[in-house]
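> build me a model:
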Amino acid sequence: APGPGFFAVELAKRGYRVTGLDISHTMVDIARENGAGLEIDFFQGDITQAPFDAESFDFVVCQAAFKNFRQPVTALNEMHRVLRPGGYAVIHDLNHEATGADIDREVARMNVGVVSGFTVRQTLGWLRRRAFTPAQFEELAAESAFGGCSVTADGIGLEIRLTR
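Model (predicted):
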């Protein structure tokens, strides 16, 4: 879920071969514009039916999107399928257990105005309701082909690491 492709572009600038998959046609179009001239391929599609051969990738990154997946175990299984043996997947997303104070601290670090700060706090609070807890991620990973994961909580976010 590369969204507008900013992270993918930075990786490609550092010499990595990058492929992105996003469910949104609009985000794929924007990402393609942002990645023009770089070695990046962006595809529209659903991670639960990834259009890639098995064992195609060394590394999978999913940022700020996992909470939106309707079939999280299926998504994890597809990530596992497309990873080469020894490959890694990293998921960054909101932590359902983040508190209002955690969100306030995060927004304060953004140095945005009062109106923007209010909007960001409201949005993060709404998105947090959709997010998973660390224990839920551990359960999902245990059910998946990965068989387990490591979870690190930091502020409002979680980092989930999975190894094939």
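> okay but Val90 is in contact with Val61, surely?
Yes - at 5.4 Å, Val90 and Val61 qualify as touching, with contact defined as C-beta atoms under 8 Å. Quick note: C-beta positions are derived from backbone N, CA and C, even for glycine.
> okay, those two: which has more neighbours?
Per other C-beta atoms under 10 Å, whichever of Val90 and Val61 has more neighbours is Val61, with 18 against 14.
> show the contacting residues for the more buried one.
Val61 sits next to Phe7, Ala89, Val90, Ile91, His92 when contact means C-beta atoms under 8 Å, 6 or more residues apart in numbering.
> and Phe146, by the same measure?
Shown here is Phe146, whose contacts under the criterion C-beta under 8 Å, 6+ apart are Leu76, Met79, His80, Ala89, Leu162, Thr163, Arg164.
> repeat that for 10 Å
Under the criterion of C-beta atoms under 10 Å, 6 or more residues apart in numbering, the neighbours of Phe146 are 73, 76-77, 79-80, 83, 89, 140, 160-164.
> in a helix, it, correct?
No - when the secondary structure is assigned by DSSP: H, G, I helix; E, B strand; the rest coil, Phe146 falls in coil instead of a helix.
> against Ser24, how distant is it?
Using C-beta to C-beta, to the nearest Å, one obtains 26 Å as the distance from Phe146 to Ser24.
> with Thr163 instead?
Shown here: Thr163 relative to Ser24, a distance of 29 Å by C-beta to C-beta.
> next one: Gly35
Counting by C-beta to C-beta, the gap between Gly35 and Ser24 amounts to 15 Å.
> sketch out the low-pLDDT regions of this protein for me.
Segments of the chain classed as low confidence (criterion: pLDDT under 70) are not present in this model.
> tell me where it has strands.
If you assign secondary structure with DSSP state E, the strands in the chain sit at 18-22, 40-44, 57-63, 83-94, 150-154, 157-163.
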